[in-house]
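> Turn this into a structure:
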Amino acid sequence: MAKMGKRLAKCREGLDRNASYPIEDAVKMIKGRASAKFDESVDIAMNLGVDPRHADQMVRGVVQLPNGSGKSVRVAVFAKDEKADEARAAGAEIVGAEDLVEQVQKGGIDFDRCIATPDMMPLVGRLGKVLGPRGLMPNPKVGTVTQDVKAAVEAAKGGAVEFRVEKAGVIHAGVGKASFSEDQLVGNIKALVDAVQRAKPTGAKGAYIKKVSLSSTMGPGLKVELTSVFGA
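So this is what the prediction gives:
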């Protein structure tokens with residue numbers, strides 16, 4: 001514990017925790033302070049002016065990160081017959097129908113993304129209490145309930161990131177790895193912010209994106225100047 005405290009203190013040296021930094025500077029600092037023995041993830045936290053308890057203030061969507069997520073994503077697909085073959089050919093690790101529903105009901109959730117063909121949803125609907133809290137329930141709004149299984153699997157593998165506002169009005173998402181170049185991270189961050197901006201719900205009043213922060217897995221958080229993350 002003391003060792004971790006020392007490292008975090010070292011990471012924080014020279015940082016003003018109350019300041020907001022332009023996105024390029026924030027990314028440079030995050031990368032420069034990522035000193036763990038593994039390739040740390042770079043994560044974003046966005047505080048939104050919404051109350052997701054109201055249906056017209058829910059924010060949810062998906063964005064294809066232009067430079068990928070850097071994560072290895074295991075994909076499960078609920079499909080039958082030729083759609084099941086299509087899913088396997090596209091690279092899905094787990095494919096099934098009733099058998100996969102049974103496996104998940106028993107707690108066998110060895111995947112990061114879940115896709116289903118529309119005809120499978122009556123079956124998959126039974127798994128709402130299991131998959132819902134984990135953010136894995138297939139949903140047509142984010143392209144995970146679809147007939148185009150090939151495109152959905154390829155998107156999941158290629159850096160598609162789902163985002164969903166939490167109860168406190170915050171979105172958390174991974175935007176790459178510390179090993180990415182500064183330009184790659186900035187590009188991914190701007191793409192995500194743009195997607196969240198476009199997903200602004202009808203019920204949002206006043207300031208929508210109120211605060212953006214960046215951090216690496218083991219590093220401190222930095223506030224980002226809002227004007228620097230909008231636009232290309």
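
> Would you agree Ala90 is in contact with Val153?
Yes. Shown here, Ala90 and Val153 form a contact pair, counting by CB atoms under 8 Å, at 3.8 Å. Backbone N, C-alpha and C define where each C-beta goes, glycine included.

> So which of those two has more stuff around it?
Val153 (27 against 21; other CB atoms under 10 Å).

> tell me the SS of the more buried one?
For Val153, the secondary-structure state derived from DSSP: H, G, I helix; E, B strand; the rest coil is helix.

> what about it, distance to Val27?
30 Å (CB to CB, to the nearest Å).

> Also Leu185?
Distance, Leu185 to Val27, by CB to CB: 5 Å.

> between these two, what contacts are shared?
The contact sets of Leu185 and Val27 overlap at Val42 (CB atoms under 8 Å, 6 or more residues apart in numbering).

> Would you tell me which helix is longest in this protein?
Secondary structure of the chain per DSSP state H: the longest helix is helix 182-198.

> Going by neighbour count, which residues of the helix or strand just after that helix are buried?
The first helix or strand that comes after helix 182-198 along the chain, using DSSP states H and E, is strand 209-216. For strand 209-216, burial by neighbour count (16 or more other CB atoms under 10 Å) applies to 209, 212-216.

> Show me the strands in this protein, by range?
Secondary structure of the chain by DSSP state E: the strands cover 20-21, 41-48, 60-64, 75-78, 94-96, 113-116, 160-164, 170-177, 209-216, 222-224.

> Any idea which of these gets closest to Leu136?
strand 113-116 (4.5 Å; CB to CB).

> could you dump the strands of the chain to a markdown table with distance to Val193?
Shown next, in a markdown table, are the strands of the chain (distance: least, CB to CB, whole Å):
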| stretch | distance to Val193 |
| --- | --- |
| strand 20-21 | 14 |
| strand 41-48 | 7 |
| strand 60-64 | 9 |
| strand 75-78 | 26 |
| strand 94-96 | 32 |
| strand 113-116 | 22 |
| strand 160-164 | 10 |
| strand 170-177 | 10 |
| strand 209-216 | 7 |
| strand 222-224 | 9 |
